[in-house]
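**Q** give me a 3D structure for the following:
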Amino acid sequence: MAWFSHAWDTPVTQETRQATETAARALADRGFRLERIELRELQEAPAIWWLMFGVCLKTLIESSVPNDYRLHPLAYDAMATDEDESRMSYKELLAGWVKRDMLRMKLAERMRRFPLLLCPVAAIPAFRHGERHWEVDGETVDYPRAFVYSQVFNLLGVPAASVPVGRTRGGLPIGVQIVGRPNEDLRVLDAARELAAGLGQP
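**A** Numbers count the residues shown, from 1 in each chain. From the prediction side, this is the model:
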């Protein structure tokens, strides 16, 4: 199993980083062999996620919403603006599909050696209602960028399970995720159960 607590130029809070390290130790105590890695080969993934889920989502979903209905505010925060949507060409969309497939191949190659990955769910712990940006290591991280750690694996279509690891000093929960190879959902769930047991959870 490989693990990391920082990627895609998105800093994580100290408490989130500590939770990821705690999870890694708990899995090691359960017999897992862990190696810390960096995912440099997936640097383009957030930009492709934005194309597929920010711009395309606006095109596909907003147009289907009835006039008397409004999506959750977070959905609008995650969608592109009218200007962004108007600038996208079919060539850009096609290139995005191709790049996504290339990224999936790169991840598959990395996961030939590491069938499971451990990393944060997000750059931040659970957040309070209405919050949209956070200060992390002197840098402002906004929504949806704070969730790049789960967005990338959503984009690439691989299974993942979130496991609560602890709470912040303010009582908000912190989670980590275990990511697996395509169609290996049961392996992910088994590892999630092992982590929960290692943390003393029922």
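**Q** quick one, longest helix in the chain?
**A** Secondary structure of the chain per DSSP state H: the longest helix is helix 90-110.
**Q** packing partners for that one?
**A** With contacts taken as 3 or more CB pairs under 8 Å, 6 or more residues apart in numbering; DSSP states H and E, helix 90-110 sits against helix 45-49, helix 148-156. For glycine as for every other residue, the C-beta is placed from the backbone atoms N, C-alpha and C.
**Q** run the last query once more with 10 Å
**A** Packing partners of helix 90-110 (3 or more CB pairs under 10 Å, 6 or more residues apart in numbering; DSSP states H and E): helix 45-49, helix 56-60, helix 148-156.
**Q** quick check: buried residues in it?
**A** Within helix 90-110, the residues scored as buried using 16 or more other CB atoms under 10 Å are 96, 99-100, 103-104, 106-107.
**Q** which among the residues you listed gets closest to Met1?
**A** For the buried residues of helix 90-110, the closest approach to Met1 (CB to CB) belongs to Leu107, at 14.8 Å.
**Q** is it true that the closest one touches Glu44?
**A** No: with contact defined as CB atoms under 10 Å, Leu107 does not count as touching Glu44 (11.8 Å).
**Q** between these two, which contacts overlap?
**A** Here Leu107 and Glu44 have Val152 as joint contacts, going by CB atoms under 10 Å, 6 or more residues apart in numbering.
**Q** number of nearby residues for the spatially closest residue to Glu139 that is not a sequence neighbour?
**A** Spatial nearest neighbour of Glu139, excluding adjacent residues (CB to CB, 6 or more residues apart in numbering): Pro11 at 5.7 Å. Neighbours of Pro11 under the rule other CB atoms under 10 Å: 19.
**Q** also Arg128?
**A** Arg128 is flanked by 7 other residues according to other CB under 10 Å.
**Q** so the closest residue to Thr22 other than its chain neighbours is in which element?
**A** By the measure of CB to CB, 6+ apart, the closest residue to Thr22 outside its immediate chain neighbours is Val165, 5.7 Å from it. Per DSSP states H and E: Val165 is located in strand 160-167.
**Q** wait, doesn't Trp97 sit right on Leu155?
**A** No: judged on CB under 10 Å, Trp97 makes no contact with Leu155 at a distance of 11.2 Å.
**Q** what touches both of the two?
**A** 48, 51-52.
**Q** any low-confidence regions in the chain?
**A** Residue ranges of the chain with pLDDT under 70: 60, 62-63, 80-82.
**Q** hey, where'd the strands end up in it?
**A** Here the chain has its strands, by DSSP state E, at 2-3, 35-36, 116-120, 133-136, 139-142, 160-167, 173-180.
**Q** next, format those strands as CSV and append mean neighbour count and distance to Asp29.
**A** Formatted as CSV, the strands of the chain follow (neighbours: other CB atoms under 10 Å; distance: least, CB to CB, whole Å):
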stretch, mean neighbour count, distance to Asp29
strand 2-3, 22, 14
strand 35-36, 11, 16
strand 116-120, 25, 14
strand 133-136, 15, 29
strand 139-142, 13, 31
strand 160-167, 18, 14
strand 173-180, 23, 15
